[in-house]
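# this one's structure only:
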DNA sequence: GCATAACGCTACATTATCTGTAGCAAACCG
DNA sequence: CGGTTTGCTACAGATAATGTAGCGTTATGC
């Protein structure tokens, strides 16, 4: 059993507003969510391979995220084992691809930018 | 002072690999990061207004995220007060705009999708 | 059949992080 | 001066993540 009977995913906090974007932002804003989606962007990975890809993150969180991502319909467990993106999940991932280029640009801009507070 | 002297931002875990995308994914994958960026997409907000916009999230995390986001160069504290996106931050936010449409589509697809495990 | 190994997944103590409420010092308003 | 708002911090209690171990199941080799 994947979870205790009657237990539902923590019900995305921000989704109390009913706005889907909030639910999505909340789901993706959990540890390893984005990373998992990212690592799955190519071919499917077994739970263990995914763990390796994610810097050996603890199986506890990974499993939790995987369950949430599966309930959201972004990820699925293939017949023969191994996790992969659904069509929907692939769509979502497309959204993040520009992030890659952005990250490179960002890195190039400033290794350790200045903070500009006003306290003082 | 914004932080204790000598204290640095928790040094993004996944960025140990040196790949900027990992650092970015890690930063954005923290609670409220995405949400803050999202709420700031329009006009600048005071810390308190931002808090309201974020379902009254605790000022502790918000402040922590704001500091990280500022160090990353995505957010800045305006001269006259109020947080806003930098040019870079606006760029990043652009990346997430398609997410809005995606979220709507996602919501329409399935309120509570089926899990397809293989245990049993 | 029996050992070996890999699979998805879970337990659990420790540690890190977030929540919620209260409140401070500085700047602004009159 | 008193009142209000700003950015920001403290701190106890609640929640979530880490790290390590291991379960039950399903191949595979002999």
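Received it, and whenever you're ready, just let me know what you need. Since the structure is predicted, the reported quantities are computational estimates derived from the model, not experimental observations. Residues are numbered from 1 along each chain as shown, chains lettered A, B, ... in the order given.

# burial count for the residue in chain A positioned nearest to DNA strand C?
Closest contact between chain A and DNA strand C, by C-beta to the nearest atom of the strand, is at residue A:47 (3.0 Å). In this view, the C-beta of every residue, glycine as well, is placed from N, C-alpha and C. Residue A:47: 14 surrounding residues under other C-beta atoms under 10 Å in any protein chain shown.

# cool, the one 5 residues further on as well?
In terms of burial, residue A:52 registers 12 neighbours under the definition other C-beta under 10 Å.

# with residue A:91 instead?
Using other C-beta under 10 Å, residue A:91 is surrounded by 15 other residues.

# identify the residues contacting it.
Shown in contact with residue A:91 (C-beta atoms under 8 Å, 6 or more residues apart in numbering or on different chains): residue B:102.

# just to revisit the earlier point, for the residue of chain A closest to DNA strand C, give me the pLDDT.
Listed pLDDT for residue A:47 reads 97.

# and residue A:43, by the same measure?
For residue A:43, the model assigns a pLDDT of 94.

# re earlier: the residue of chain A closest to DNA strand C reaches residue A:67, doesn't it?
No. Using C-beta atoms under 8 Å, residue A:47 makes no contact with residue A:67, being 11.5 Å away.

# which residues in chain A form helices?
Taking DSSP state H, the helices of chain A run over residues A:20-28, A:33-39, A:47-53, A:59-71, A:87-109.

# how close does the residue in chain A positioned nearest to DNA strand D get to residue B:72?
Closest residue of chain A to DNA strand D, C-beta to the nearest atom of the strand: residue A:58 (3.1 Å). For residue A:58, the distance to residue B:72 equals 26 Å [C-beta to C-beta, to the nearest Å].

# so the two - more neighbours on which side?
Between residue A:58 and residue B:72, counting by other C-beta under 10 Å, residue B:72 is the more crowded of the two (24 against 11).

# check contacts around the residue nearest to that one when sequence neighbours are not counted.
Of all residues not flanking residue B:72 in the chain, residue B:27 sits nearest, at 6.0 Å (C-beta to C-beta, 6 or more residues apart in numbering or on different chains). Counting by C-beta under 8 Å, 6+ apart, residue B:27 makes contact with B:12, B:33, B:68-69, B:72.

# contact partners for the spatially most central residue of chain A?
With distances taken as C-alpha atoms, centre = their mean, residue A:33 lies nearest the centre of chain A, 1.9 Å away. Contacts for residue A:33 (C-beta under 8 Å, 6+ apart) come out as A:27, A:65, A:68-69, B:29.

# can I get these in a markdown table with pLDDT?
Shown next, in a markdown table, are the contacts of residue A:33 (pLDDT from 0 to 100):
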| residue | pLDDT |
| --- | --- |
| A:27 | 93 |
| A:65 | 97 |
| A:68 | 96 |
| A:69 | 97 |
| B:29 | 91 |
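
# roughly how far does the residue of chain A closest to DNA strand C sit from residue A:62?
Counting by C-beta to C-beta, the gap from residue A:47 to residue A:62 is 7 Å.

# farthest-separated two in the contacts of residue B:27?
Farthest-apart pair in the contacts of residue B:27 is B:12 and B:69; separation 12.4 Å (C-beta to C-beta).

# show me which of the two is the more surrounded one.
residue B:69 (26 against 17).
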